[in-house]
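Participant: What follows is a protein structure lacking sequence information:
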C-alpha cells in the first residue's frame with residue numbers, strides 16, 4: 001500500500017530584497033563549498049528552479065531565517 005501525505009507550513013516573511021545577486025556558476029560553487037545546497041537551488045517560496053545568470057532575491061523568514069527566493073516572489077507585497 002502507498003499513500004501521499006501533504007504537510008502545509010506557514011512562514012512569516014519579515015523582509016525581502018529583489019536582485020540581491022545573480023545566480024551564477026560561481027554562486028553555486030561557493031554555496032556547495034560551504035556545504036549549503038539548500039532547496040536544490042530552487043525558490044524557497046514557489047519552488048521554481050533558479051536559472052543561470054538570472055537575478056535572485058533574498059528574504060528573511062521568522063521561522064527559518066534568510067532564504068534565497070526568485071525575484072518574482074521577492075517583489076510580492078508582504
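Facilitator: Structure's in. What do you need? It should be emphasised that the depicted structure is a prediction, and the values quoted were computed from it without experimental measurement. Numbering: from 1, shown residues only.

Participant: List of residues touching stretch 63-75?
Facilitator: Contacts with stretch 63-75, where a contact means Cβ atoms under 8 Å, 6 or more residues apart in numbering, come from 9, 11-12, 16-20, 38-39, 41, 43-46, 48, 50, 54-61. Yep, even glycine has a C-beta here, placed from its N, CA and C like the rest.

Participant: please redo it, this time with the cut-off set to 10 Å
Facilitator: With contacts defined as Cβ atoms under 10 Å, 6 or more residues apart in numbering, stretch 63-75 is touched by 9-21, 23, 27, 31, 36, 38-39, 41-51, 54-61, 76.

Participant: for it, the distance to its chain's centre please.
Facilitator: Distance of stretch 63-75 from the chain centroid (Cα atoms, centre = their mean, to the nearest Å) equals 5 Å.

Participant: Let's test this: mean pLDDT of it, rounded?
Facilitator: Mean pLDDT, stretch 63-75: 94.

Participant: Report the buried residues of that stretch.
Facilitator: 67, 68, 69, 70, 71, 73, 74 (16 or more other Cβ atoms under 10 Å).
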